[in-house]
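Peer 1: Predicted model follows, preceded by the sequence.
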Amino acid sequence: MNIDLHIHSTASDGSLTPTQVVQEARQAGLSVISVADHDTTSGVAEALAGQDAHGVIVVPGVEISASHPSGEAHILGYWMDHNDSAFQAFLERPRSTRGPRIVEMCKCLRGLGLEVQAEEVFEEAGGKETVGRPHLAKVLLAKGYVKDMEEAFRSYLTKGAPAYVKRIKNSTAETIAAIHRFGGISVIAHPGLLKDPGLVDSLIQEGAMGIEVLCHEHDGAAVERYSEMADRNGLLKTGGSDYHGDMLEKSFRLGDLKVPYPFYLELKAAKARIQSPTRDR
């Protein structure tokens, strides 16, 4: 019984609705999944509603973009009280900057001679709150300005490219603390993608409870390195595909990454040990 604790839906920048994610997970033979969208939990309720019908356990999740002096990091949160208005207010800061960022990036693109309007990107995303660079890349592809999504990011949208615009986020320390304050478990997402290898140690010092050991970005050496790091620091090990459906034109399918079921059992046991959180309101 394999699991996948890092899946995106149309609530952020995936191509499948939360219901379709659960359905596809069942078809792929997965027993446990987490819908962990970027800076939003708006797809969690729909995913939870479909778990019994399809025989797949859904762990409520979110992937929060956060800033650190060493660079950007993504922190996965599991089992927070996602209906809490204070937690939603915390997510509003990174989420509210998505729309304005796209507006600025489109201005940069037009300055380069690529006629792209922010409204086109919002329509692709289904709204301003859920919009992200993959939606802008899709518009560039549809207009014939790039041959694929990879070129869109490499030539225009990644850090250092001419249309890249930095986005304001909460700090990594604030993000980890907020996940804990609202009863959740914090996990460092795809650490192998972090620009500064020392950032993982910093996130551990800030209180991260786990490391995403298994993901498509990690080769065997990376898996071994992060597994040893988790053991050395007494951290949870998790794994997830970072699946976006067809959005990012990745070659893998849901279920290709073999994340063992015991990872879920350890995560669940850790959640059971967490006492009722004290909230600062």
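Peer 2: Thanks, I have it.

Peer 1: quick one: the residue most central in space within the chain from residue 269, how far?
Peer 2: Nearest to the geometric centre of the chain sits residue 63, at 3.6 Å (C-alpha atoms, centre = their mean). Per C-beta to C-beta, to the nearest Å, residue 63 is found 22 Å from residue 269. In this view, the C-beta of every residue, glycine as well, is placed from N, C-alpha and C.

Peer 1: and residue 186, that's in a strand?
Peer 2: Yes: counting by DSSP: H, G, I helix; E, B strand; the rest coil, residue 186 is part of a strand.

Peer 1: Show the pLDDT at it.
Peer 2: You'll see residue 186 listed with a pLDDT of 98.

Peer 1: need the contact list for it.
Peer 2: Residue 186 makes contact with 75, 76, 77, 175, 176, 179, 180, 207, 208, 209, 210, according to C-beta atoms under 8 Å, 6 or more residues apart in numbering.

Peer 1: which element is residue 33 on?
Peer 2: Using DSSP states H and E, residue 33 maps to strand 30-35.

Peer 1: ok, then the element right after that strand?
Peer 2: On the C-terminal side of strand 30-35, the closest following helix or strand by DSSP H and E is helix 44-54.

Peer 1: what is the rounded mean pLDDT of that next one?
Peer 2: Here the average pLDDT along helix 44-54 is 93.

Peer 1: Which elements pack onto that helix?
Peer 2: If you count contacts as 3 or more C-beta pairs under 8 Å, 6 or more residues apart in numbering; DSSP states H and E, helix 44-54 packs onto helix 18-27, strand 30-35, strand 57-58.

Peer 1: list the buried ones in that helix?
Peer 2: For helix 44-54, a neighbour-count test (16 or more other C-beta atoms under 10 Å) marks 44, 46, 47, 48, 50, 51 as buried.

Peer 1: How far does it sit from its chain's centre?
Peer 2: Remark: helix 44-54 is offset 19 Å from the chain centroid, using C-alpha atoms, centre = their mean, to the nearest Å.

Peer 1: got the contact list for that helix?
Peer 2: By C-beta under 8 Å, 6+ apart, helix 44-54 touches 9, 17-19, 21-23, 25-26, 33, 35, 56-58, 60-62, 82.

Peer 1: what angle do that helix and helix 18-27 make?
Peer 2: Relative orientation of helix 44-54 and helix 18-27, computed by axes from the mean of the first three to the mean of the last three C-alpha atoms, to 10 degrees: 40 degrees.

Peer 1: My reading is that residue 253 lies in a strand. Confirm?
Peer 2: No: using three-state DSSP, the assignment for residue 253 is coil, not a strand.

Peer 1: wait, doesn't it sit right on residue 28?
Peer 2: Yes: counting by C-beta atoms under 8 Å, residue 253 does reach residue 28; the two are 7.1 Å apart.

Peer 1: So which of these two has more stuff around it?
Peer 2: Between residue 253 and residue 28, residue 28 has the larger neighbour count (other C-beta atoms under 10 Å), namely 17 against 13.

Peer 1: Surely the more buried one touches residue 252?
Peer 2: No: in this structure residue 28 lies outside contact range of residue 252 using C-beta under 8 Å: 11.0 Å.

Peer 1: before we move on, back to that, make CSV out of the buried residues of helix 44-54 and add distance to residue 168.
Peer 2: Listed next are the buried residues of helix 44-54 as CSV, based on distance: C-beta to C-beta, whole Å:
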residue, distance to residue 168
44, 24
46, 29
47, 28
48, 30
50, 34
51, 35
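
Peer 1: No more questions from me, cheers.
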